[in-house]
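In: quick one: sequence plus predicted model below, questions after.
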There are 4 protein chains.
Amino acid sequence: MLAELKGLNEECGVFGIWGHEDAAQITYYGLHSLQHRGQEGAGIVEMNDDQLTCVKGEGLVTEVFTTEKMKNLSGRAAIGHVRYATAGGGGYENVQPLLFNFQSGAMALAHNGNLVNANQLKSQLEAQGSIFQTSSDTEVLAHLIRRGGFATHKNRLKNALSMLKGAYAFLIMTETEMMVALDPHGLRPLSIGKLGDAYVVASETCALDIVGAKFVRDVEPGELVVINDDGITSEYFSMSSQRAMCTMEYIYFARPDSNIEGINVHTARKNLGKQLAKEVTIEADVVTGVPDSSISVAIGYAEATGMPYELGLIKNRYVGRTFIQPSQSLREQGVKMKLSAVRGVVEGKRVVMVDDSIVRGTTSKRIVTMLKEAGAKEVHVLISSPPIKNPCFYGIDTSTTSELIASENSVEEIRQLIGADSLTFLSVEGTVEGIGRSFDGKTHGACMACFTGNYPTEIYEETREGYLKC
Amino acid sequence: MLAELKGLNEECGVFGIWGHEDAAQITYYGLHSLQHRGQEGAGIVEMNDDQLTCVKGEGLVTEVFTTEKMKNLSGRAAIGHVRYATAGGGGYENVQPLLFNFQSGAMALAHNGNLVNANQLKSQLEAQGSIFQTSSDTEVLAHLIRRGGFATHKNRLKNALSMLKGAYAFLIMTETEMMVALDPHGLRPLSIGKLGDAYVVASETCALDIVGAKFVRDVEPGELVVINDDGITSEYFSMSSQRAMCTMEYIYFARPDSNIEGINVHTARKNLGKQLAKEVTIEADVVTGVPDSSISVAIGYAEATGMPYELGLIKNRYVGRTFIQPSQSLREQGVKMKLSAVRGVVEGKRVVMVDDSIVRGTTSKRIVTMLKEAGAKEVHVLISSPPIKNPCFYGIDTSTTSELIASENSVEEIRQLIGADSLTFLSVEGTVEGIGRSFDGKTHGACMACFTGNYPTEIYEETREGYLKC
Amino acid sequence: MLAELKGLNEECGVFGIWGHEDAAQITYYGLHSLQHRGQEGAGIVEMNDDQLTCVKGEGLVTEVFTTEKMKNLSGRAAIGHVRYATAGGGGYENVQPLLFNFQSGAMALAHNGNLVNANQLKSQLEAQGSIFQTSSDTEVLAHLIRRGGFATHKNRLKNALSMLKGAYAFLIMTETEMMVALDPHGLRPLSIGKLGDAYVVASETCALDIVGAKFVRDVEPGELVVINDDGITSEYFSMSSQRAMCTMEYIYFARPDSNIEGINVHTARKNLGKQLAKEVTIEADVVTGVPDSSISVAIGYAEATGMPYELGLIKNRYVGRTFIQPSQSLREQGVKMKLSAVRGVVEGKRVVMVDDSIVRGTTSKRIVTMLKEAGAKEVHVLISSPPIKNPCFYGIDTSTTSELIASENSVEEIRQLIGADSLTFLSVEGTVEGIGRSFDGKTHGACMACFTGNYPTEIYEETREGYLKC
Amino acid sequence: MLAELKGLNEECGVFGIWGHEDAAQITYYGLHSLQHRGQEGAGIVEMNDDQLTCVKGEGLVTEVFTTEKMKNLSGRAAIGHVRYATAGGGGYENVQPLLFNFQSGAMALAHNGNLVNANQLKSQLEAQGSIFQTSSDTEVLAHLIRRGGFATHKNRLKNALSMLKGAYAFLIMTETEMMVALDPHGLRPLSIGKLGDAYVVASETCALDIVGAKFVRDVEPGELVVINDDGITSEYFSMSSQRAMCTMEYIYFARPDSNIEGINVHTARKNLGKQLAKEVTIEADVVTGVPDSSISVAIGYAEATGMPYELGLIKNRYVGRTFIQPSQSLREQGVKMKLSAVRGVVEGKRVVMVDDSIVRGTTSKRIVTMLKEAGAKEVHVLISSPPIKNPCFYGIDTSTTSELIASENSVEEIRQLIGADSLTFLSVEGTVEGIGRSFDGKTHGACMACFTGNYPTEIYEETREGYLKC
């Protein structure tokens, strides 16, 4: 369902291109197609004539990059970033890519993910006199690189990466090369494409498609890819890599037209819907999905059951920071935000409402209420994932354990809390089956820590208490 | 499909409220939900302490109405407008509502539709010394009202309306009342709702829903409704009214959650899809709809045929005037605009592509090509309306006859031009059947002039040559 | 002294050019040099390829005309306007030039001055059905022109001008010519210059200088000048013209580098200072002037008396609408606005403070207090004009009679109210002598109505009660 | 004369306040009065509830600090900065104050002046792994403080200051105190005032006056002042302090209403004019000064010689980055920038033109030409300072030696180059005498290095080649 409705937010998307005369423009379109991964800030650093130049700002891609600002960017390489920021960690400084100028040259960094030991590393670095300009944990990597005693930039980078724990997809650009690094568990998606002779790297394949690039392959866990004017080379900086792709990418973060490790997201979601049809039988009149991410699931469920899919809920699009929020009093008078129920469709009907997940439960409750107020006789809630019982430390802004409704309530209790006539979560096995990923032992090939509590990396006590956002 | 892709644009939406302490705020949310009817300008005139104040500007609702500007509006009545403008007729002056200040009081006007005799009327008025500030035909009404010799405002208005030919839904506000007038054929939708004690009027019922208002009834053709502090009264200014609702409102203009004369738009579209299934049989693997308006049709078709509905095309959302358009060279390199084909879904498949209409054919051709480039083996195009052979003079920006591909080409010729493996238009009868409106003789209860050439009003030679936009 | 300090504000300046390829740019620089005549709005209408295009907005010249907006203006003729607006009459609509589009062509108007019978004319026109878009009296002229039955534009204009009473310097531009009209008393300055082959018209000669134009001559009272591609022609539309130039232009409105009817404004002010030295003898240590307009007067007085001129008061420049005003509490704590006394200069001294006029007296009181707080032992106030006892109806925003301190108080009473040790106004004769204009009978060649009550035109009862601003 | 005309630009002004509930507002007004010291960027860091918050941006004070941004600042301490930036060193990052957030707390820095060994220090720090975010040399101090091994913040600061060479007036703010440090030669002015119970520090006393603060004393060379809730304490971090106040502050940087070490700047300038009258006798008709800084000199010269002071040159005010510069072609056609000659005053006259200095000579040549084109019979140039033969390394943006006209040309050669009928520079002794400062040996109490080549600090070869701006 609507990410912004429930405090379950992806943090960041990255895009990079090396060797194309319209590098910054293409990065603009790429970032635009990744806008769903972060709406609070965006930036591009381009390389032109051995100079790195940064344009960034708070807001949407279309707000940050004006014609005025873009027209000065004409280099042949660029990296870009869209950012989701929690209240505390906002501000212009934290918008990425971060650009560092040294007497010996410049370096830009863009990061998707979250480090679980950022605070510890930062503390050590400050004790040695390092000054951090941002509160993002991305900057930690820059300081580790600069302090490394190794002779080459690549070795300093490998050394620095070896000290990081957590989830990260990094793009690093200097005047001479673009480096691409993925954490040893490959928690975040990252794909490589080709556009003519230029190499393109993006968080999702939809960004490759949108710019007309051909998909080449996904970046591997623990892999360091170097792209420069001589072409592309690769090596592994971690020996113990094992893929643990974030399941939530399939369930609702990624765009439906993206493929993650070869699996189309829309198709995966339809299959989750079909899987739901296998696991539960509901007597109802119409199926409706909570837009946008659950539409595919609802259609899959409708196909499998033969029940008609209807447009029972509609999203009220609004954009950017300029939308004026209704006051509490107006909301009480019935001014709708973001989502409305379509009376013409649900009135007098038994409705199956399909959603992708429940975090705090408040939104589900609101939607169930909305459907009933619009005349639905019954509302049966189907969730295309298991209950979220554990916080994520890898870049998804789930609240602390105590805010997760499923960590302290049974399914029946949740059903009562949200006011549904029935409530069904997809099983862990059904989820894996639906997505269609291999599934084995501890890491599953997919990270399902938020459902199972099996975290693929170490988690420190401090990590649990509070951690830096990307 | 995407209105903005094919030069088939709705012109304008209106919203009004009388008797609510948050009148301007509510109008803001109402206009926001009508944004699809016009993206190039928006305005609100509110009435506060016997004064009319106007806030308007070019751009989207969220761009025009800043917190800064809205905070000064605290009156208890307001009318608003969203506007689509052709290149020539843009400009701040033409953004509505138009506000006129006289020594004896003020008057604001908002208009959805198009007059077919505006030029003739304007020419007469200028010869008598009237000065027009705008190039919109809405202003003609103001001058007619002011020149009328009748004693009361209402009689002057009725007299003025009697001189207008064409399509119009007018909101007129003075310090003491709001007047609502619909042309004698009721070509444009216009509904009345109630929010507490306040009366609300809007182009579509989705705007009533969004602000929490209860639907009361549709405005009738030739009706003049007067709302003031004493309540609501109504009379007819035209004796020969006969409903000829614009069919295109159902086919693609209106929001799927709106009801037009009691018929839900999403449901009507699904039925158009089912009707298509009755009229043609296609051997194919997947059904996909061109977003947003044809999704419902595609789902209806899939339901009726049992073929799976898939997300084969995805819209790249962008908003407002700030999106930087790719250069021709970038477009040739494959940078996608507005729409992408999803390779993971269509590759190797026989695809049924459902769209709502074909105007010039260039967009259909682009989408068919896009699907084939993404690997579709066959592309069968189904159109949920008959061929558009005649221009619209009632407020829809169809090009002149010579630009309408169906006015000079057979279905088979169009199929070849757009490169489809097959092409099927819905029949006129099937369209009427699908929508579910009564159907009789000349005016059908619905205007289908763009398909049949039967215009419900006089059309002058001059009208055919060039006419003012709303 | 500082115009903005005392509610004594010039209303508007105009600039026009015909026959120059950089017409709009040059108008921009011309308006910039006339910025002191109006800071609340600015506009340019240019003529390009038989089309009139308008760029205008609220704020300073540098705020309104961005590079973005200016780059589209490349015509060979333009007229421009800077505007002072009272609270009520602000708003984008009222910013000039006003541009009118007719089916038969377009017309733009810019106006400096004020009509005393605008309300009467407007009332008649509205009764006949005319719709006014603005609350400025400039629009009255447009309607009078359009309603005139004469065959040519020039005759319609002459007929319309004959119905106006008051002060006006009009620039009127159509696709084929620029017309320049000055009221029969020539109350406002208006000069013609030449820049290469192009003709330039401006409210003050400083604007001619700034754009590199050579001064040709002043426009005569009652004269109508027509400039087009054939050159310049002139005729008189009023038979009974008699110059009554606004004295206040010399005393403080005009820029010191302008010449008005051959007299340099700085020189005139120095002479007013010398005249003060003839009319009064003060025992003091230093002379200081209230910036900007009284600096010249103070220097003239210092030269004549041998007393040293010192910088006892300094202006705190601020600009535009973006300056944040200190709260009342901050002002009480001593945060200075606009003007400070220089302690290092006035401490322990007997100070002669020279100012140009006293309107309400509140500012004079504030400055005297400021000087005393900075340590001045005595403050002797010299005013380089007679007491203002009567309101102006010709475009200067003096308050109503009851707000003019001199209309109800003797000089001694004013002295006590402002807390000065002595107060001297220049005599009417001294003012005329200082400025150096011929002086005869009723109109003096100069209008001194605010001092003497002798208005050069009819004044209606209604005029006295409230009137439209330019 | 106009600083911006000749590449002789002051770099920066600082303002700070501790212990006032309107701290940020007051800093706003203080910075506004220091705007002449830097127009390209401005910032405020305020301390509120143990948090430092920064608002900064490029442009003028009135452009950077909007009502919107200021309304969130309500702390009780603040420091602010206005900045002049050379082309290379611009950009948002470099706008001060710099704000650093550490895990252990925050620190803000504002700096007026220039370090001569910044590059050397930066090079050493980067070699140790420090990452610089800005290209300003101010950041060097932050890194030196953080790397220092001392126990207290004050001792770390003192240690860091001991490593700096050059000119600096620093304001440093943490959550608990404001520290004020002036270089051992006191090259830049810095004064302390009191506003109620709050302490105020500012680059010039005019900023104290404007906010209503009472002057307490100047900061001493080599002094470190600490202001916190317990009051004010002071100590010296350098044993070998000797005042060498920048003479150029008197000659043209400072505002005429400021006092620098007890000497009023306007008075000093008048005395420089009187001194010129002693050193040279000119036969001429009128005296005119190049605005703004030379007006006082010209008045002093006129007083001493009895020659009349006239307004022969007038400044065309323009503001901010939004002024559209005339094209070369427009400039050749005579469009004036910044300064015009007043024909009515200079025509047919022998003119004494007083200016404060000559850097490259191009501007002087332009003004002399302008006066002659306006009809001046003779132009005699008087300069109220000696020839500038040496670059400044202490924060004034003089060009390199080779660009200084006086470094390679005799006075007679300069006279010919600028086209004057005579040219007189004030002698070094006359300058000292005029300003009225004590004068002894090497450093004179005043720095006159640009005239004499006697630099009060070491100057490194590298310093001469290129150095960081403040």
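Out: Arrived safely, thanks for sending. Numbers count the residues shown, from 1 in each chain, chains lettered A, B, ... in the order given.

In: quick one: low-confidence ranges for the stretch 201-350 of chain A?
Out: The stretch 201-350 of chain A contains residues with pLDDT under 70 at A:318-321.

In: how about 90 then?
Out: A:238-243, A:252, A:262, A:291-293, A:310-311, A:314-340, A:342-345 (pLDDT under 90).

In: and what of the stretch 351-470 of chain A?
Out: Low-confidence segments of the stretch 351-470 of chain A, defined by pLDDT under 90: A:359-360, A:362-363, A:391-404, A:436-446, A:456-470.

In: where do the strands sit along it?
Out: According to DSSP state E, counting those that start in this stretch, the stretch 351-470 of chain A carries its strands in the segments A:378-383, A:422-425, A:446-447.

In: nearest to B:Q133, out of those strands?
Out: Distance to B:Q133, taken as Cβ to Cβ, is lowest for strand A:378-383 among the strands of the stretch 351-470 of chain A, at 52.7 Å. Where you see a C-beta, it was placed from the backbone N, CA and C, and this is true even at glycine.

In: just the CA coordinates for that closest one, please, in PDB.
Out: The C-alpha trace of strand A:378-383 is given here as PDB (Å, rounded to 0.1, in the frame of the first residue of the first chain):
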ATOM      1  CA  GLU A 378     -18.000  -6.800   5.200                       C
ATOM      2  CA  VAL A 379     -14.300  -6.100   4.900                       C
ATOM      3  CA  HIS A 380     -11.900  -9.000   4.700                       C
ATOM      4  CA  VAL A 381      -8.300  -8.000   4.900                       C
ATOM      5  CA  LEU A 382      -5.600 -10.100   3.100                       C
ATOM      6  CA  ILE A 383      -2.000  -9.200   3.700                       C
END
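
In: helices or strands next to that strand in the packing?
Out: Counting contacts by 3 or more Cβ pairs under 8 Å, 6 or more residues apart in numbering or on different chains; DSSP states H and E, strand A:378-383 packs against strand A:350-355, helix A:362-373, strand A:422-425.

In: most tightly packed of these?
Out: Each of those was scored by mean neighbour count; the highest is strand A:350-355, a mean of 26, by mean count of other Cβ atoms under 10 Å in any protein chain shown.

In: what does chain A put close to chain D?
Out: A:92, A:100-104, A:122-123, A:126, A:128-133, A:135, A:142-143, A:146-147 (Cβ under 8 Å from any Cβ of the partner chain).

In: okay, and which of those map to strands?
Out: Among the residues of chain A next to chain D, the members falling in strands (DSSP state E) are A:F100, A:N101, A:F102.

In: which of those has the most neighbours?
Out: In terms of neighbours by other Cβ atoms under 10 Å in any protein chain shown, those top out with A:F100 at 21 neighbours.

In: give the contact list for that one.
Out: When contacts are counted by Cβ atoms under 8 Å, 6 or more residues apart in numbering or on different chains, A:F100 touches A:A106, A:M107, A:A108, A:L109, A:A142, D:I131, D:F132, D:Q133.

In: all the helices of the stretch 151-300 of chain A, in order from the start?
Out: Here the stretch 151-300 of chain A has its helices, by DSSP state H, counting those that start in this stretch, at A:153-161, A:205-210, A:247-248, A:265-279, A:294-305.

In: buried set for the fourth one?
Out: When neighbours are counted by 16 or more other Cβ atoms under 10 Å in any protein chain shown, the buried residues of helix A:265-279 are found to be A:265-277, A:279.

In: just the residues you listed now: which is nearest C:E347?
Out: A:V265 (78.2 Å).

In: how near is the nearest residue to A:K349 once chain neighbours are set aside to B:A268?
Out: Closest residue to A:K349 apart from its sequence neighbours, by Cβ to Cβ, 6 or more residues apart in numbering or on different chains: A:D285 at 4.3 Å. As for A:D285, its distance to B:A268 is 19 Å (criterion: Cβ to Cβ, to the nearest Å).

In: all set, thanks.
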